[in-house]
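Student: Task: produce atomic coordinates for the following.
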Amino acid sequence: MTLELLRGPEWHARSVAKAASWRVVGTLDTFLWSLIVTGKPFSAGAIASLETVTKIGLFYLHERVWHLIPWARDTRSRALAKAVSWRLVGSSDTFLLSWLVTGKAHQAAVIAAAEALTKIFLFYGHERVWRRISWGLRARPPVDSDPA
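Tutor: This is a model prediction of the structure:
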């Protein structure tokens, strides 16, 4: 594995910006589902606020791990695979935080399951938008067309 592959195709600042922009979308989604399920604005706000702290770090780590996987870069199938893998991590975090705040495993499970459905699609769209933004991408070396 080369040093370039370990560094990944994106600068760390881009990964941080992606993490922050996703967290805005994700926090709003979490707040709405938590409010619908609990009926309590304070509980919904607490769950969404805690997630802001935990998920920025988790998302950043998820991005860096995916930079180590060279499979199908810039494709829809990669964006979908990243969406599903992130949702596994994110839903586990949502469940644990929701259970901590509400004290009710059933409510935590409903919140985590509901947002798992919406966030897969939201994350897929987020990935596709970021594919159109060139800021923070490392320049790729030109491909040598002469196989000599």
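Student: Report the mean per-residue pLDDT for the helix or strand harbouring Ser43.
Tutor: Assigned by DSSP states H and E, Ser43 falls within helix 41-67. Confidence for helix 41-67, expressed as mean pLDDT, is 91.
Student: hang on, His62 packs against Ser85?
Tutor: Yes. Here His62 reaches Ser85: they are 7.2 Å apart, a contact under C-beta atoms under 8 Å. Where C-beta positions appear, they are placed from N, C-alpha and C, glycine not excepted.
Student: the more surrounded of the two?
Tutor: Here His62 and Ser85 are set side by side on neighbour count (other C-beta atoms under 10 Å), and the busier one is His62, at 19 against 15.
Student: What are the buried residues along the helix or strand Phe123 falls within?
Tutor: Assessed by DSSP H and E, Phe123 sits inside helix 105-131. Residues of helix 105-131 classed as buried: 107-112, 114-116, 119-120, 122-124, 126-127, 130 (neighbour count, 16 or more other C-beta atoms under 10 Å).
Student: tell me which helix or strand of this protein sits lowest on mean pLDDT?
Tutor: helix 3-7 (a mean of 49; mean pLDDT, DSSP states H and E).
Student: orientation of the helix or strand following it relative to helix 105-131 in degrees?
Tutor: Per DSSP H and E, the first helix or strand lying C-terminal to helix 3-7 is helix 12-38. Computed by axes from the mean of the first three to the mean of the last three C-alpha atoms, to 10 degrees, the angle separating helix 12-38 from helix 105-131 equals 150 degrees.
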